[in-house]
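Asker: Got a predicted structure plus its sequence, pasted below:
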Amino acid sequence: MSYTRTFKIPYMLCDRYQNLSLRNLANLLADTSLTHSHILEKDIDMSKFRWIVYSWDIEIIDVIKEFDEVEVTTNVVGTHKFYAHRNVYIKRDGEIIVKAYGLFLLIDIERMRPVKMSKELIKAYGNDPLIYEKEDLTYEDSFNKYKNIEIRYTDIDSNFHVNNAVYFDYISDLCSLSTKDIKFINIVYKNEIRNKEIIIGEYSEDNKEVDYRLRSTEDKTIYTYGKIRKNV
């Protein structure tokens, strides 16, 4: 069962080019998905559990601009152990302009560990047809550009870690890319950023692609990594 929300994009969610920022694009995708989850779970006790985003694959066919009215639709295309697999797509004037594949991880909030979905939850979620398939990507593990990233007080959300959407700000700043520069972005969240003041951003790029990761300054902990394909 799909779920759709309509949004009119205010200018304060846009970047300097009047396009919806990457951060706020991610917020639209996540917020619509999690609202859908609350609807599907209305008869299930989820007080001890929460969903976190594990990864996104986002294809930007055309940028979303200020004052655009868009429809954001999500559905569940699969469940497996700890994970719910989602498609999300955004339409403007009836045309799909953004497609995304999101992987959501179910967490036991008392133990802060992944937990398997119950049969009741799997049944409630169902299994809709696949619209946009997740890519099988390979990643670079050597980087030639580096930048320190300061963790701002306001980057921390109610779970006391850096909010998932804020990572898109870090990546945009690290690679000097705006929404208009990107036709595809993948992000994988490996570890939460907690109790840090500075992290290191690393990336390498050519004319078409950027590989990146964010890691600790103190040890080998990787917080997130991914790949970008540029509009060229």
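Answerer: Structure's in. What do you need?

Asker: What segments of this protein are strands?
Answerer: 3-8, 49-60, 69-80, 83-92, 95-108, 113-114, 145-150, 182-189, 198-205, 209-216, 222-230 (DSSP state E).

Asker: Just send those back as TSV, with distance to residue 43, mean neighbour count and mean pLDDT too.
Answerer: Heads up, the C-betas are built off the backbone N, CA and C, glycines and all. Below are the strands of the chain laid out as TSV (distance: least, CB to CB, whole Å; neighbours: other CB atoms under 10 Å; pLDDT from 0 to 100):
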stretch	distance to residue 43	mean neighbour count	mean pLDDT
strand 3-8	16	13	97
strand 49-60	15	20	96
strand 69-80	16	18	97
strand 83-92	17	21	98
strand 95-108	17	19	97
strand 113-114	23	12	93
strand 145-150	42	13	96
strand 182-189	29	21	98
strand 198-205	41	18	96
strand 209-216	39	21	97
strand 222-230	34	20	97
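
Asker: possible to save the ones you listed as CSV with distance to residue 21?
Answerer: Output for the strands of the chain, formatted as CSV (distance: least, CB to CB, whole Å):
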stretch, distance to residue 21
strand 3-8, 14
strand 49-60, 12
strand 69-80, 14
strand 83-92, 14
strand 95-108, 13
strand 113-114, 30
strand 145-150, 17
strand 182-189, 11
strand 198-205, 18
strand 209-216, 17
strand 222-230, 15
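
Asker: Compare those strands and report which one is nearest to residue 28.
Answerer: Among the strands of the chain, the nearest to residue 28 by CB to CB is strand 69-80 (5.5 Å).

Asker: Figure out how far the closest one is from the centre of its chain.
Answerer: Chain-centre distance of strand 69-80: 13 Å, with CA atoms, centre = their mean, to the nearest Å.

Asker: before we move on, what about stretch 130-148?
Answerer: 13 Å.

Asker: got the contact list for residue 100?
Answerer: The neighbourhood of residue 100, defined by CB atoms under 8 Å, 6 or more residues apart in numbering, consists of 29, 56-59, 87-89, 132.

Asker: just to revisit the earlier point, determine which of the strands of the chain approaches residue 172 most closely.
Answerer: Using CB to CB, the nearest of the strands of the chain to residue 172 is strand 182-189, at 8.9 Å.

Asker: Can you tell me what sits against the closest one?
Answerer: 22, 52-61, 135, 137, 164, 167-168, 171, 223-231.
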